[in-house]
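Student: got a predicted structure here, sequence first:
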There are 4 protein chains.
Amino acid sequence: MLIQLNFKSGVPVYLQVVDQIKLAAASGALHVGEPLPSIRPLAEQLRVNRNTIAKAYAELESQGVIETLAGKGCFLKENCSPYRKEIRRGLLAEAVDAAVVQAHHLQVAKREFLQLAEDRFDVFEQKRIESEKKKPSCDL
Amino acid sequence: MLIQLNFKSGVPVYLQVVDQIKLAAASGALHVGEPLPSIRPLAEQLRVNRNTIAKAYAELESQGVIETLAGKGCFLKENCSPYRKEIRRGLLAEAVDAAVVQAHHLQVAKREFLQLAEDRFDVFEQKRIESEKKKPSCDL
Amino acid sequence: MLIQLNFKSGVPVYLQVVDQIKLAAASGALHVGEPLPSIRPLAEQLRVNRNTIAKAYAELESQGVIETLAGKGCFLKENCSPYRKEIRRGLLAEAVDAAVVQAHHLQVAKREFLQLAEDRFDVFEQKRIESEKKKPSCDL
Amino acid sequence: MLIQLNFKSGVPVYLQVVDQIKLAAASGALHVGEPLPSIRPLAEQLRVNRNTIAKAYAELESQGVIETLAGKGCFLKENCSPYRKEIRRGLLAEAVDAAVVQAHHLQVAKREFLQLAEDRFDVFEQKRIESEKKKPSCDL
DNA sequence: GTGGTCTAGACCACC
DNA sequence: GTGGTCTAGACCACG
């Protein structure tokens, strides 16, 4: 579980952890049912307080990404979004908008932006497929 | 000046302003000597307290990105070399990746994701064109 | 606003504050619409961290006892319980049970226990009435 | 041994056990040399982990209230002078006051409050009688 | 000045 | 060993 923190970005550390674990799940580095790193060791590895990781895991659980069993650990849940289609689209639009604004600021044209979006989508898709090939016993 | 704030991201608002102005400067969207929007109107446009914008400008000045001339306003200083194209593409890829990960978690398919990206890009493009008609010298 | 804390009781400080403010409201020491002590001064007076008071006030707001306006302060809400009658009775039963168990442990007989309950109820009723007489302008 | 736990009070469970045993001893409900319930059955009865009861007994022993004879069990030590009647009434008044305050917040009238107090007292009395039939030597 | 959030350290309950 | 809670200090946004 590789997590890279940026302490001077102003982004709360616990949110960085949340995003990177969601990324790990999306890219196939984590598999459904697999246990996440325990709070204490992960906190030591990242040099942050245990509460910071605990808060990240609590946020992930409230988002339905993981399941936490007190005294047992935290596990990646099946990837089923509990939201209705329109709501999901709205949530996604936020992330897309952030990328669009970034494209504006960086003066990247529409054609290049869309090509990049497709490329990155394929990259994650490919990562997930490869990762599933390696650990077929862990999937449902 | 196009600035998009995310109040739920956990990133301090004043830092979001700082980052986006630095990005606009770095990408060449803002030019040396060009005046930045005044605090009061920008605060009203972004629906935040004037203190917050003032704090962002103070931070930018302390970083040497802008200079404040009392009674005249804030202006972009020199020494802001625009990023190279590959660097810009790398910065944009981060935002795109975040959207791709979100799409995976929300179980949105590639086709729909790319369609949404194009739609949102067009929406912002339209906004930009409309705002240029009104104040051609001040907008991105 | 007289609040007495017991740091060695094992009862969380923020819950002691919650209970005593509810008591102040019940006994008439606080009136509807009246502002509660601000977080910072109260924390200094009680020699605890501001977050401890903030947590108590957040709990009181979630219970519907007070209303908090960021930047303005916290105010005692009208005393209307949002729960249905059976739920309210259940909540009250918990507090009554605690008293009954205490009576058992202290070997106080039923007759004496009920007499004490009536006495204490009257005492609080009387306090509330007297307090309302003093500050009639603050009531709704 | 009648022990009532409140898992939502925020008071550590092991301290609730400590307090109620000390109270039972102080009020004369427990007598010098009398054996306390064994850890395992008491833990099962209260639906808590055995560690929690063990911790409570360890605390009681360190306070000199009980003494543990390895392999025999835990016994109440001497020096536990029962409280005087007025003290006991004062201790009980605290619990009664908490219930009265709760009644005010839940808008329960005096008549209904006193009826509830009587009902709950009778419920516990009945529990006590039933449990005395089974184990007359061990119950309160 | 107001309330709210993020990070941290210590302790609790459970396995 | 596991996760969860309470208290604290520093910083943020707002008036």
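Tutor: Nice, thanks for sending it over. All values derive from a computational prediction rather than experimental measurement.
Student: need the strands for chain A, in chain order.
Tutor: Using DSSP state E, the strands of chain A run over A:66-69, A:73-76.
Student: please identify the most buried of these.
Tutor: Looking across the strands of chain A with neighbours counted as mean count of other CB atoms under 10 Å in any protein chain shown, the highest average goes to strand A:73-76: a mean of 18. Quick note: C-beta positions are derived from backbone N, CA and C, even for glycine.
Student: which secondary structure elements does that one sit against?
Tutor: Using 3 or more CB pairs under 8 Å, 6 or more residues apart in numbering or on different chains; DSSP states H and E as the contact test, the elements touching strand A:73-76 are helix A:50-62, strand A:66-69.
Student: average pLDDT for it?
Tutor: Strand A:73-76 shows a mean pLDDT of 95.
Student: what's the distance between it and the middle of its chain?
Tutor: Put simply, strand A:73-76 sits 14 Å off its chain's centre (CA atoms, centre = their mean, to the nearest Å).
Student: can you tell if it touches DNA strand F?
Tutor: Yes. Counting by CB under 7 Å from any atom of the strand, contacts between strand A:73-76 and DNA strand F involve A:73, A:74.
Student: how about the contacts made by the nearest residue to residue A:27 once chain neighbours are set aside?
Tutor: In space, and not counting its chain neighbours, residue A:27 is closest to residue A:127: 4.5 Å by CB to CB, 6 or more residues apart in numbering or on different chains. Counting by CB atoms under 8 Å, 6 or more residues apart in numbering or on different chains, residue A:127 touches A:27, A:28, A:29.
Student: let me know the pLDDT of the residue most central in space within chain A.
Tutor: When CA atoms, centre = their mean is applied to chain A, the residue found nearest the centroid is residue A:22 (1.4 Å). If you check residue A:22, the pLDDT there is 91.
Student: ok, it to residue B:98 distance?
Tutor: Distance, residue A:22 to residue B:98, using CB to CB, to the nearest Å: 9 Å.
Student: now the helices and strands packed on strand A:73-76 as CSV including distance to residue A:91?
Tutor: Shown next, in CSV, are the helices and strands packed on strand A:73-76 (distance: least, CB to CB, whole Å):
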stretch, distance to residue A:91
helix A:50-62, 14
strand A:66-69, 18
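Student: and stretch A:39-48, does that touch chain B?
Tutor: No. Judged by CB under 8 Å from any CB of the partner chain, stretch A:39-48 stays clear of chain B, getting no closer than 15.2 Å.
Student: now do the buried residues in that stretch.
Tutor: If you call a residue buried by 16 or more other CB atoms under 10 Å in any protein chain shown, then stretch A:39-48 has these buried ones: A:39, A:42, A:43, A:46, A:48.
Student: list the buried residues of the longest helix anywhere in chain A.
Tutor: As assigned by DSSP state H, the longest helix anywhere in chain A is helix A:110-134. Going by neighbour count (16+ other CB under 10 Å), the buried part of helix A:110-134 is A:113, A:114, A:116, A:117, A:118, A:120, A:121, A:124, A:125, A:128, A:131.
Student: what about that helix, average pLDDT?
Tutor: Mean predicted lDDT for helix A:110-134 stands at 92.
Student: got it, and stretch A:2-17?
Tutor: 90.
Student: does any part of it sit near DNA strand E?
Tutor: Yes. Applying CB under 7 Å from any atom of the strand, one finds stretch A:2-17 touching DNA strand E at A:12, A:13, A:14, A:15.
Student: circling back: out of the helices and strands packed on strand A:73-76, deepest packed?
Tutor: helix A:50-62 (a mean of 18).
Student: tell me how far that one lies from the chain's centre.
Tutor: Worked out by CA atoms, centre = their mean, helix A:50-62 lies 13 Å from the chain centre.
Student: and chain A, what are its domain boundaries?
Tutor: Domain assignment of chain A by automatic domain parsing yields the ranges A:13-76, A:85-138.
Student: can you redo those domains as a markdown table with distance to residue C:68?
Tutor: Compiled in a markdown table, those are given as follows (distance: least, CB to CB, whole Å):
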| stretch | distance to residue C:68 |
| --- | --- |
| domain A:13-76 | 23 |
| domain A:85-138 | 28 |
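Student: can you tell me how far the nearest residue to residue A:58 once chain neighbours are set aside is from residue A:14?
Tutor: Distance criterion CB to CB, 6+ apart; nearest residue to residue A:58, sequence neighbours excluded, is residue A:68 at 7.8 Å. Remark: distance between residue A:68 and residue A:14 (CB to CB) = 15 Å.
Student: swap in residue A:133?
Tutor: For residue A:133 relative to residue A:14 (CB to CB), the value is 33 Å.
Student: again, but for residue A:26
Tutor: 19 Å.
Student: quick one on the thing from earlier: and the residues of stretch A:2-17 next to DNA strand E, which of them are buried?
Tutor: Looks like those have A:12, A:13, A:14 buried, using 16+ other CB under 10 Å.
Student: near chain B too, which of the residues you listed?
Tutor: Okay, of those touching chain B (CB under 8 Å from any CB), that's residue A:12.
Student: rewinding a little: can I get the buried residues of helix A:110-134 in JSON lines with distance to residue A:3?
Tutor: Listed next are the buried residues of helix A:110-134 as JSON lines, based on distance: CB to CB, whole Å:
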{"residue": "A:113", "distance to residue A:3": "28"}
{"residue": "A:114", "distance to residue A:3": "30"}
{"residue": "A:116", "distance to residue A:3": "24"}
{"residue": "A:117", "distance to residue A:3": "25"}
{"residue": "A:118", "distance to residue A:3": "27"}
{"residue": "A:120", "distance to residue A:3": "20"}
{"residue": "A:121", "distance to residue A:3": "23"}
{"residue": "A:124", "distance to residue A:3": "17"}
{"residue": "A:125", "distance to residue A:3": "22"}
{"residue": "A:128", "distance to residue A:3": "18"}
{"residue": "A:131", "distance to residue A:3": "17"}
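Student: re the thing from before, closest one to residue B:72 among the domains of chain A?
Tutor: Closest to residue B:72 of the domains of chain A is domain A:85-138 (CB to CB; 25.4 Å).
Student: can you tell me which residues in chain A are near DNA strand E?
Tutor: A:12-15, A:48-52, A:55, A:70-72.
Student: and the residues you listed, which is closest to chain C?
Tutor: Closest to chain C out of those is residue A:51 (13.1 Å), distances taken as CB to the nearest CB.
Student: quick one: the closest one from chain B, how far?
Tutor: 16 Å (CB to the nearest CB, to the nearest Å).
Student: check contacts around that residue.
Tutor: Counted by CB under 8 Å, 6+ apart, residue A:51 has zero contacts.
Student: pull up the distance across stretch A:39-59, start to finish.
Tutor: From its first residue to its last, stretch A:39-59 covers 13 Å (CA to CA, to the nearest Å).
Student: quick one: mean pLDDT over it.
Tutor: 96.
Student: from the chain's centroid, how far away is that stretch?
Tutor: On the basis of CA atoms, centre = their mean, stretch A:39-59 sits 16 Å off its chain's mean C-alpha point.
Student: that stretch close to DNA strand F?
Tutor: Yes. Counting by CB under 7 Å from any atom of the strand, contacts between stretch A:39-59 and DNA strand F involve A:39, A:40, A:41, A:50, A:51, A:54, A:57, A:58.
Student: state the distance from residue A:102 to DNA strand F.
Tutor: Applying CB to the nearest atom of the strand, to the nearest Å, the value for residue A:102 to DNA strand F is 19 Å.
Student: surely that residue meets residue B:93?
Tutor: No. Look at residue A:102 against residue B:93 with CB atoms under 8 Å: they stay out of range, at 9.5 Å.
Student: neighbour count: those two, which is higher?
Tutor: residue A:102 (24 against 18; other CB atoms under 10 Å in any protein chain shown).
Student: list the contacts of stretch A:68-86.
Tutor: Contact with stretch A:68-86 is made by A:25, A:30-36, A:38-39, A:57-58, A:60-61, A:64-67, A:88, A:91, A:140, B:104-107, as judged by CB under 8 Å, 6+ apart.
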